[in-house]
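Participant: Below is the sequence, then the predicted model.
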Amino acid sequence: MSEATPRYRILFAASEAWPLIKTGGLADVAGALPAALKARHHDIRLLLPAYPEAREGLAQPRAGGRFQLGGYAVELLRGKLPGTRVPVWLVDCPALFARPGNPYLGPDGRPWPDNAQRFALFSRVAAHLAGGASPWRWRPEILHCHDWQTGLAPALLADDAERPASVFTIHNLAYQGRFSYATFAALGLPEALWSHEALEFHGDMAFIKGGLAFAHRINTVSPGYAREILTPDFGCGLDGLLRHRKARLSGILNGIDTRVWDPARDPHIAAPFSARRLAARSANKVALQKALGLKVDDRVLLAGNVGRMVAQKGIDLLCEVLPAMMERGMQLVVLGSGEAHFEARLQQLARRYPGRVAVRIGYSEAMAHRIEAACDLFLMPSRFEPCGLNQMYSLRYGALPLVHRVGGLADTVFERGEDSDNGFVFPRPLAADMLAALDRALALWARPAAWRRRQRNAMRADHSWRHSAMEYEALYARALADRRADRSAMEPAGGGKTVLAPETG
């Protein structure tokens with residue numbers, strides 16, 4: 001970082017972060033972006049709920065302070081994000097967070113019935129630590145909130161004249177944190193927040209509206225998705241509010257952790273390789289075929305898919321085109337979990353095509369790496385995709401992505417009939433369009449030299465967090481400027497009562 005670039009104090013609030021707790025791409029972002037900002041000398045704190053997995057993963061946690069907030073006793077636990085120098089603050093409230101498994105869903109697969117209370121408290125803690133009445137000596141200049149689980153924090157700070165600049169990142173607008181008015185009342189939120197301009201949304205409350213309506217800056221995780229959510233087709237009922245705040249909305253493409261996803265040094269794969277040593281890649285294909293019971297044949301086009309088995313991800317399209325893929329002599333491996341009927345359908349297809357289709361229900365980080373290193377083609381037929389990370393992992397590993405032209409997929413994968421092409425793209429979420437793209441892939445596969453050229457194009461792209469971190473620095477600067485422009489003379493909001501020594505940083 002140059003001397004001219006400011007160093008910011010940042011409170012980074014997210015409901016999950018790899019490697020402490022992960023259900024999806026938010027965790028990858030919340031684990032990697034703070035590390036990239038820390039490497040650029042920003043003074044950052046990562047705030048997470050103290051789920052059991054997060055507590056267990058935090059080496060030598062230390063007490064950071066206790067306070068009462070929202071009717072709950074809260075303790076902060078301090079430590080470092082494993083493998084980084086990023087300080088982590090865990091919000092420890094056993095009544096709300098001391099439960100194993102998925103942080104949002106119970107054992108029955110349904111949302112925890114007290115999710116509103118859980119993430120209202122988490123938002124309150126973020127606002128308490130960042131607000132003007134905070135007793136902590138370390139206070140942020142920037143409060144960076146992520147998705148609906150933190151959406152109340154900017155709203156709770158709205159009347160605080162000493163509040164920090166706030167940034168709210170939308171990772172997936174479809175998840176909104178909607179609850180009834182009765183829940184709104186039970187949470188004891190300011191009555192002024194029950195309005196169409198604030199949290200009210202078609203008779204319910206929507207946590208996400210707190211971030212959309214009150215944050216100084218809003219961003220999404222790709223420029224393409226930032227444009228799409230201004231339309232009714234992708235705006236999930238919030239496109240009007242987003243158009244109203246369009247001047248404060250932007251898109252920054254996610255990065256990937258190139259230390260974790262590095263085919264030249266990946267401990268999970270059978271043989272390391274690089275763009276200069278592509279021949280070594282074939283050993284990974286053979287190893288995966290053997291491990292999953294597929295016919296061992298380096299000449300067959302092996303396609304892969306890793307992700308949630310839900311309609312958003314286009315898993316129904318994959319099921320629809322799968323028989324045609326088999327007619328064309330391809331192989332397919334699928335890793336993931338999701339809706340029961342999709343899991344059952346894919347398992348049925350695997351039994352129908354033994355030795356040619358392998359399906360593994362669940363998630364394994366090691367297997368995800370092995371699939372990226374082994375597959376020739378990586379399938380992402382998502383109906384919408386705010387950013388997508390798997391296509392960037394695939395580019396880095398030379399597994400050419402085949403994607404629906406939408407959101408972050410359209411920002412990263414190109415098929416224009418040019419020398420710079422790095423994958424295959426289809427225009428509409430239709431089986432016929434996807435199959436046409438598969439046929440183009442097969443035609444290129446028949447020309448090995450041309451296939452290798454496209455692989456090298458893919459592998460040379462730089463999707464590290466370095467570029468995205470610099471864009472976030474610029475976004476923080478704009479948020480601070482907006483805060484100065486919007487600053488009011490209203491009295492600061494109240495905070496919680498601290499009973500232990502405050503955090504010293």
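Facilitator: Sure, I can see it. Numbering: from 1, shown residues only.

Participant: Go through this protein and flag its longest helix.
Facilitator: helix 465-486 (DSSP state H).

Participant: Output that helix as PDB, restricted to C-alpha atoms.
Facilitator: What follows is helix 465-486, C-alpha atoms only, in PDB (Å, rounded to 0.1, in the frame of the first residue of the first chain):
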ATOM      1  CA  TRP A 465      -8.400 -10.800  -3.700                       C
ATOM      2  CA  ARG A 466      -5.700  -8.200  -4.300                       C
ATOM      3  CA  HIS A 467      -7.700  -6.400  -7.000                       C
ATOM      4  CA  SER A 468     -11.000  -6.700  -5.200                       C
ATOM      5  CA  ALA A 469      -9.400  -5.400  -1.900                       C
ATOM      6  CA  MET A 470      -8.300  -2.300  -3.800                       C
ATOM      7  CA  GLU A 471     -11.800  -1.800  -5.000                       C
ATOM      8  CA  TYR A 472     -13.200  -2.100  -1.500                       C
ATOM      9  CA  GLU A 473     -10.700   0.500  -0.400                       C
ATOM     10  CA  ALA A 474     -12.200   2.900  -2.900                       C
ATOM     11  CA  LEU A 475     -15.700   1.900  -1.800                       C
ATOM     12  CA  TYR A 476     -14.800   2.700   1.800                       C
ATOM     13  CA  ALA A 477     -13.500   6.100   0.800                       C
ATOM     14  CA  ARG A 478     -16.900   6.800  -1.000                       C
ATOM     15  CA  ALA A 479     -18.800   5.600   2.100                       C
ATOM     16  CA  LEU A 480     -16.800   8.000   4.300                       C
ATOM     17  CA  ALA A 481     -17.500  10.900   2.000                       C
ATOM     18  CA  ASP A 482     -21.200  10.000   2.000                       C
ATOM     19  CA  ARG A 483     -21.200   9.900   5.800                       C
ATOM     20  CA  ARG A 484     -19.700  13.300   6.000                       C
ATOM     21  CA  ALA A 485     -22.300  14.600   3.500                       C
ATOM     22  CA  ASP A 486     -25.200  12.900   5.300                       C
END
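
Participant: buried stuff in it?
Facilitator: 465, 468-470, 472-473, 475-480, 482-483 (16 or more other Cβ atoms under 10 Å). Quick note: C-beta positions are derived from backbone N, CA and C, even for glycine.

Participant: Would you point out the most distant pair within the residues you listed?
Facilitator: Maximum pairwise distance in these, criterion Cβ to Cβ, is 25.1 Å, between 465 and 483.

Participant: Give me the contact list for stretch 334-345.
Facilitator: If you take Cβ atoms under 8 Å, 6 or more residues apart in numbering as the criterion, stretch 334-345 is touched by 304-311, 313, 315-316, 318-319, 346, 357-364, 367-368, 371.

Participant: An error on my part: the question was meant for stretch 279-288.
Facilitator: 263, 269-273, 294, 296, 298, 302, 333, 370-371, 373-376, 398.

Participant: Go through the residues you listed and flag which are in helices.
Facilitator: 370-371, 373-374.

Participant: For the buried residues of helix 465-486, give me a markdown table that also has distance to residue 259 and pLDDT.
Facilitator: Shown next, in a markdown table, are the buried residues of helix 465-486 (distance: Cβ to Cβ, whole Å; pLDDT from 0 to 100):
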| residue | distance to residue 259 | pLDDT |
| --- | --- | --- |
| 465 | 10 | 93 |
| 468 | 15 | 94 |
| 469 | 14 | 95 |
| 470 | 18 | 95 |
| 472 | 19 | 97 |
| 473 | 21 | 97 |
| 475 | 24 | 98 |
| 476 | 24 | 98 |
| 477 | 27 | 97 |
| 478 | 29 | 97 |
| 479 | 28 | 98 |
| 480 | 30 | 97 |
| 482 | 34 | 95 |
| 483 | 34 | 94 |
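
Participant: for those, which one is nearest residue 119?
Facilitator: Among these, residue 479 lies closest to residue 119 (Cβ to Cβ), at 22.4 Å.

Participant: State the distance from the closest one to residue 393.
Facilitator: Residue 479 sits 30 Å away from residue 393, going by Cβ to Cβ, to the nearest Å.

Participant: again, but for residue 12
Facilitator: According to Cβ to Cβ, residue 12 and residue 393 sit 23 Å apart.
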